[in-house]
Structure formats: C-alpha cells, structure tokens
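[1] One predicted model, sequence on top.
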Amino acid sequence: MKIETATINFPCPKCNQEFPVSLFQLHEGGIITCPWCLASNVENELSGLEHNLESLGRSLQNLKRCMEKKQRTNQ
Ligand SMILES: [Zn+2]
C-alpha cells in the first residue's frame, strides 16, 4: 500500500457519516466532498485536524524513509 493513498475516516460535520479521505488529498488542500450528503465545504472543518496532520505527515515521511531503506537492502 502506498502511503500517499492512505486514508483516514473523517466524520462529515453536516450529516455525521464517516467517509475516507486520503492523506494526500488533505496535504494538497483539495476540495473534499462528502459522498453521503455532497457537502463540499467540508475542508473548512478540517482545520482542526491540521496540527494532527502535521505530526502525522512527519511520521509518514519517517515511515517512507524506513521503507525505502528496507527496499534498498532487499535488493
Ligand atoms: Zn455529509
């Protein structure tokens, strides 16, 4: 599984249904649309997650580096 396509479940602030949002999408600041109620301003509600994502992004980078290192040693 690619780290870029890893997803987290995000609860829609409008209808409270959870749906997967890719970490890549969050980092890129793309428009996130709820698949249940089609609310498209969900990204405004994500600002509270930014701090979490910053630390998550850092650990993902570390993880990525570890995986690349592992791949190299396997060759
Ligand atoms: Zn919704």
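    Great, that's in hand.

[2] Going by C-alpha atoms from here, please, whenever you check contacts or count neighbours.
    OK.

[3] Run the chain-centre distance for the helix or strand where Glu54 lies.
    Assigned by DSSP states H and E, Glu54 belongs to helix 50-74. Between the centre of helix 50-74 and the centre of its chain there are 14 Å (CA atoms, centre = their mean, to the nearest Å).

[4] Model confidence score at the residue nearest in space to the middle of the chain, please.
    Among the residues of the chain, the one closest to the centroid is Leu23, at 1.8 Å (CA atoms, centre = their mean). The model reports Leu23 with a pLDDT of 79.

[5] do Pro35 as well
    91.

[6] For it, which non-adjacent residue is spatially closest?
    Phe19 (7.3 Å; CA to CA, 6 or more residues apart in numbering).

[7] For the host helix or strand of the one you found, list every residue counted as buried.
    Counting by DSSP H and E, the element that carries Phe19 is strand 18-22. For strand 18-22, the neighbour count (16 or more other CA atoms under 10 Å) marks Phe19, Val21, Ser22 as buried.
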